[in-house]
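>>> any chance you could fold what I've pasted below:
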Amino acid sequence: MGQLRIYDGIPMGHAMITRGIVSDPKRIRKGTFLIDAVFNHGFSGGLVIAVRDGVPNFEIVGMIKSSAAENKLYLTPLEVGDNEGLNFSEPYTGELKLKSEKDIKYGITFSVTTEILRNFYKENRDALVERGYDLDGFFLSKK
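Numbering: from 1, shown residues only. From the prediction side, this is the model:
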């Protein structure tokens, strides 16, 4: 278990801040860690901030990458929307289509460390600066 972490994002267009606990970082490959916080679409790219010795001592420790999810496949009527015209007391005999849906496993959020972000910036600095993203003061001022 790790220290309390806070991360932010904009799920469904709403700025949000939430919190979670970091899992044992030794169980995940180098440069990544898991958080038990609830993840919603829109948190990707949100900052992971550690609270050290109480507020207002914040430290950026990473960025939200993704959530664990399963891809579920199911059959659904080809031309019917919102169950219109379906009689649930009789077997469906019309054409079917295969649909895919992601089932987010809430409470398993993958994150990358600031070390990974810093290395990415160093490796791609010229291209990023050329596009107007000069982050030298943020990434290169440390270590």
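>>> C-alpha only now, for contacts and for neighbours.
OK.
>>> which stretches of the protein have low pLDDT?
1-9, 11, 24-28, 80-84, 141-143 (pLDDT under 70).
>>> what ranges do the helices span in the chain?
114-130, 136-139 (DSSP state H).
>>> deepest of those helices, which one?
helix 114-130 (a mean of 14; mean count of other C-alpha atoms under 10 Å).
>>> so how far is that helix off the chain centroid?
20 Å (C-alpha atoms, centre = their mean, to the nearest Å).
>>> from here on, count from 61
I'll keep to 61 as the first residue from here, and by that count the last item is helix 174-190.
>>> please put the alpha-carbon coordinates of it into CSV.
C-alpha atoms of helix 174-190 as CSV (Å, rounded to 0.1, in the frame of the first residue of the first chain):
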residue,chain,number,x,y,z
THR,A,174,6.6,11.6,-13.6
GLU,A,175,9.9,9.8,-14.5
ILE,A,176,8.1,8.4,-17.6
LEU,A,177,6.6,11.7,-18.4
ARG,A,178,10.0,13.5,-18.1
ASN,A,179,11.7,10.9,-20.3
PHE,A,180,9.0,11.2,-22.9
TYR,A,181,9.4,15.0,-22.9
LYS,A,182,13.2,14.8,-23.2
GLU,A,183,12.9,12.3,-26.1
ASN,A,184,10.3,14.3,-28.0
ARG,A,185,11.2,17.9,-26.9
ASP,A,186,12.1,19.3,-30.3
ALA,A,187,8.9,18.1,-31.9
LEU,A,188,6.8,19.3,-28.9
VAL,A,189,8.5,22.8,-28.8
GLU,A,190,8.0,23.1,-32.5
